[in-house]
Structure formats: C-alpha cells, structure tokens
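Colleague: can't give you the sequence, but here's the structure:
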C-alpha cells in the first residue's frame, strides 16, 4: 500500500517556550512574539522565511479580534500566504500543526508558525486594591450561578463522577496520575512544580476543589507563550535542529453529552492517524496526553486502546506511566505539574523527547510520539503522531 | 450570613417561563413540538429533529440523581458560608437533565441513582429557585 501523501510531508523544526507561570512583565501579544522569536531562532530561520501564521489565542486575547493579524503586525511579518485564528480549546495546538502540514503539502505555504499565548494570572495586588464584591466575578451570568455552579472544574467533576460510577474508577486511580506526572516533573527544569514531590498520601491530603477533584487533579494556570515552526520535509533536513517529522494526524469531536459517552474524540481520531502514520500502539515510545485533569489522562489512555474502556483507573494505578514504567506518559510532568499552555504543553514535550533533549527524564527509546489535544469538556480532540525518523 | 448575597439568576427572555412557573411552585421544561423531546435549559432549535417549535410543559418534578459534584472552592463570595455544597444533575422522569442543588441531604449521603423530587425555595419576590430533595423510592 502506498504511504499516505501527508505522512512525513512536513516537520516541526523550531520550538520556542517563554518563561512560564507567574510572569507579569509582558502581555498576551508580548508572550506570542517572544515565543515566535525563540522558535525561529531555534530553527535557524528568520521572520522573512515564514509565510504562514496560525494563532490559538488564550483567554487574555478575548477582546482582541483577528488575533493572527494582530500578531502579524506586532511581529512585522510581510507577505503571508496563510493566516488564521483558531480555537478548539485544548485541541487547537495539534490542529494548528495539522492545518500547517496540509497547507504545506498542498503547496499553499512553505513555513508556518503555530503560536499560543495567554496571561490568565494577574500580578498580586495590594490588599486594599483587591475587588471584594461579586461584581468582580464576570462569569457569574446566566442561571447556573444561582445554584453555585461555577467553572470548568465542576463541569469535568460531573463527568468524572459518572466514570467512577460506571467503571469503578477511584480517587486512588486519579491520584496515581498526579503522582506519576509529578515524578516526571521532578526531572524537568522547566516544570513549575519541579521541586514539589508528591506522594499518594499528599494527594489525598490536598484540599478539595470540586469533589471528586483535589487541587492536584487540576492543571496549573500559567502565563506564557509557546510556538512551533512547521516546514516541508526537504527544507527541514537542512536546518539547525533535527527535524521532528509529522507522520499522522486525526481529529474527533463527538458532540452530545460527555456524561453519556465518557469518551474523548480519540476514538475517532486514532484510526486515521495511526493508518496515516503506518503504526500501531506498540510502535509508540512516548505518549503526551492533554491533561486538564488527571481524569482526562485516564479517559484518553482508554480511548487510544492502551487498556480496555473503563480500565484506565487500574491501568494508571499499576504505575506503568511514570519514569521507568512501560508506557511513558506526560514525560515532562504535563499540564498538571510543568506548565499549562493548553495543548502546546504536550506538543512541546514530544518535540523535546524526540530530539533527545529530555536530559534526566529522556525516554531511552524515542522514535515515535503520540500527542493528544482536548478542548471543552471532552468536546474537541486532535491527535498527532510524530517521529524523529524521516517518513 | 455572607456579606455578599448569592447571585440571582439572570432571567433571560428564553428562560423567563421557567422562572415564572417556579414562582407558582411548578417545574416546567421545554418540549419540542416536532419530536416530543424534553430539554433543559431553553434552546431555540431541537438538536434531535431541528424543529424550531417548542413549548414549556409542566413536568412531575420527580427524577433521579444522574451525577453530582461537591463544591469546596468558593468561586463567589455569596457561597462562602455554603461550602461544601452539592451540585447535582437530576435526570427527570421525562428525560431532560437539570443542574440544581440537593437539599435535606448531607453531601456525603448523595448517590447516583438516588430518587429525588422538586422543591421550591423563594429567594426574592421575583425569584424562586427550584431545587431537589431525596424522595422515597415508592413516592
């Protein structure tokens, strides 16, 4: 069977990660510019080499229309042949790389930057200046707030509770994800929680946010920017860093109520992605999964088929996903423990591992990485299969 | 008592019939006139049959806990004295699911599948909140 025309057609050749976390000296566009500059430098390319720009605007971009054009102007980019502002939530990062690859393979662009930035954290204000009234809570609209129903934590908690009910998933199972990822984070110099080890007892003692979620079931919140540069396979061979070849891709957006499916779109995305990449799960060395919550990791592992549906809890509790385990999952600590750049966090860690730049946390065999993105409440999903080997 | 009151629901035109019925101690949900599906909250278009035609209908108020989450974090100062409190998703006998609170039940006793029935909690002269309480299975 001839290989798929998109398999290996493009590669990630540049990675830019700004300082992450409680960083307050710039703004959302500033972080985007910084990340893009770092990614171009990493690739050994200049602004003039780029002809495509895809942007995933974080929450702080909310008032800025036409984000990719704003970023183009801020960066002084001329003569782009591809530009779009995309938002599938946490599934956007992999989706941007997919669209970049498709445009490059179709000859519509040659070198495309995919950028995310956000600045959800505000500098700590002096106590007297803090707003104290309910008016500060801009999201308290609609009808649910009268019942005290706030935020995405609660929305996911309702779905996680159904998974626990239907499949017997336990608090220990969720905690196993948090512990495994914190162990990975302890070896990642970029991780915000690198110096904060976590045991299962610590996990159980951490405060509840929305039960069944403890504090350490929930991802971090980070200010920062992250960008990757995608270019055609041929150009990729002659750049500064080893190319990370894009082997396969897919998306899956199930619709309906996630409380009924208890499933991510990985069930739809994996088949075309693995077929395009010409791999099976056994070929995957590094697994970087979107982890807005510990629960999301459990579900996504099930949906890719690392274990049967409903057995994600016992699977992670068997301690196979941490350092030294048989399935290396979220090897930088993920968004639970390193930094939260929506789906760019798993993408960046895949690039680091495939390049062999993982340092103390480097996975010994690192030919093929599986990367997932997830947005909304298991609402949107994207998959990438990446490799350090050319197609 | 919290210094800041709990927020009131924003009564939008689409949801006004729900709040008007609640003031009369009645629970209503929208029902599609195309395919008969009950739905909540209000929508303009039925996602099943795409009909634009719908009416509000009184329902039994009986249902079961479909899922629940216990809020410990204070997201709004009006709930500072209320935590931990439960958010429940109730699946009504008629099929629609509704986010609400469960009253007369300690949070640690809530279970999925628990039979519940609607109760009405007046908050202001204009606003009454439909909530749910445990119901004996035979009731």
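Modeller: Now that the structure is in, tell me what you want to look at. On a predicted model such as this, the values are computed, not experimentally measured, just so you know. Numbers count the residues shown, from 1 in each chain, chains lettered A, B, ... in the order given.

Colleague: burial of residue A:210, as a residue count?
Modeller: 28 (other CB atoms under 10 Å in any protein chain shown). For glycine as for every other residue, the C-beta is placed from the backbone atoms N, C-alpha and C.

Colleague: So for chain B, the centremost residue is which one?
Modeller: residue B:100 (4.0 Å; CA atoms, centre = their mean).

Colleague: Report whether residue B:100 is found in a helix, as I expect.
Modeller: No. Applying DSSP: H, G, I helix; E, B strand; the rest coil, one finds residue B:100 to be strand, outside a helix.

Colleague: Name the residues of chain B found near chain A, please.
Modeller: Counting by CB under 8 Å from any CB of the partner chain, chain B comes close to chain A at B:4-12, B:15, B:41, B:66-73, B:75-79, B:82, B:84-85, B:87, B:89, B:97, B:99-101, B:112, B:123, B:127, B:129, B:131.

Colleague: give me that answer again for 7 Å
Modeller: When proximity is defined by CB under 7 Å from any CB of the partner chain, chain B lies next to chain A at B:4, B:6-10, B:15, B:41, B:67-73, B:75-79, B:82, B:85, B:87, B:89, B:99-101, B:112, B:129.

Colleague: Pull out the buried residues from stretch A:28-37.
Modeller: For stretch A:28-37, a neighbour-count test (16 or more other CB atoms under 10 Å in any protein chain shown) marks A:28-29, A:31-37 as buried.

Colleague: looking only at pLDDT, what's the mean for stretch B:113-121?
Modeller: Here stretch B:113-121 scores 98 as its mean pLDDT.

Colleague: Tell me the buried residues in it?
Modeller: Applying a neighbour-count criterion of 16+ other CB under 10 Å, one finds B:114-120 buried in stretch B:113-121.

Colleague: any idea where the strands of chain B begin and end?
Modeller: B:28-32, B:38-39, B:54-58, B:62-71, B:85-92, B:97-101, B:115-122, B:128-134 (DSSP state E).

Colleague: Identify the farthest-apart pair in the buried residues of stretch B:113-121.
Modeller: Pairwise distances across the buried residues of stretch B:113-121 peak at 19.5 Å for B:114 and B:120 (criterion: CB to CB).

Colleague: and the residue positioned nearest the centre of chain A, what does it touch?
Modeller: For chain A, residue A:343 is the residue whose C-alpha lies nearest the centre (CA atoms, centre = their mean; 2.0 Å). Contact analysis of residue A:343 by CB atoms under 7 Å, 6 or more residues apart in numbering or on different chains lists A:90-94, A:290, A:373.

Colleague: Looking at these, state which has the most neighbours.
Modeller: residue A:373 leads these on contacts (other CB under 10 Å) with 36 neighbours.

Colleague: Mind checking what secondary structure that one has?
Modeller: strand.

Colleague: For chain B, give me its nearest residue in the stretch 251-391 of chain A.
Modeller: Residue of the stretch 251-391 of chain A nearest chain B, by CB to the nearest CB: residue A:259 (5.9 Å).

Colleague: what about that residue, how many residues close to it?
Modeller: 21.

Colleague: pLDDT below threshold where in the chain?
Modeller: As the question left the chain open, I've gone with chain A. Low-confidence segments of chain A (pLDDT under 70): A:1, A:63-64, A:126-141.

Colleague: right idea, wrong chain: chain B
Modeller: By pLDDT under 70, the low-scoring segments of chain B are B:1-2, B:137-139.

Colleague: ok, what's across the strand from residue B:89?
Modeller: residue B:67, residue B:99 (DSSP bridges).

Colleague: so which strand or helix has residue A:95?
Modeller: helix A:92-105 (DSSP states H and E).

Colleague: do residue A:382 as well
Modeller: strand A:380-387.

Colleague: Report the angle between that strand and helix A:92-105.
Modeller: Per axes from the mean of the first three to the mean of the last three CA atoms, to 10 degrees, the angle that strand A:380-387 makes with helix A:92-105 is 60 degrees.

Colleague: Partner strands of strand A:380-387, with direction?
Modeller: Neighbouring strands of strand A:380-387 in its sheet, by DSSP bridges, are strand A:244-251 (antiparallel), strand A:368-375 (antiparallel).

Colleague: got the contact list for the first one?
Modeller: Counting by CB under 7 Å, 6+ apart, the neighbours of strand A:244-251 from elsewhere in the structure are A:7-8, A:10-12, A:95, A:97-98, A:101, A:233, A:265, A:269-270, A:272-274, A:276-277, A:351, A:354-355, A:381-391.

Colleague: Report the buried members of the residues you listed.
Modeller: A:7-8, A:10-12, A:95, A:97-98, A:101, A:233, A:265, A:269-270, A:272-274, A:276-277, A:351, A:354-355, A:381-388, A:391.

Colleague: Excluding residues flanking it in the chain, which one is nearest residue A:99?
Modeller: residue A:54 (6.4 Å; CB to CB, 6 or more residues apart in numbering or on different chains).

Colleague: ok and the helix or strand containing that neighbour relative to helix A:92-105, angle-wise?
Modeller: Element membership of residue A:54, judged by DSSP H and E, is strand A:52-57. Between the axes of strand A:52-57 and helix A:92-105, defined by the same axes, to 10 degrees, the angle is 170 degrees.

Colleague: now the end-to-end length of stretch A:106-125.
Modeller: End-to-end distance of stretch A:106-125 (CA to CA, to the nearest Å): 50 Å.

Colleague: What parts of the stretch 101-250 of chain A come near chain B?
Modeller: Near chain B, when you scan the stretch 101-250 of chain A using CB under 7 Å from any CB, you find A:133-134, A:137, A:140-151, A:154, A:157-158, A:161-162, A:165, A:207-211.

Colleague: The nearest residue to residue B:5 once chain neighbours are set aside: how many residues sit nearby?
Modeller: Leaving out its chain neighbours, the residue that sits closest to residue B:5 by CB to CB, 6+ apart is residue B:78, at 5.4 Å. Neighbours of residue B:78 under the rule other CB under 10 Å: 22.
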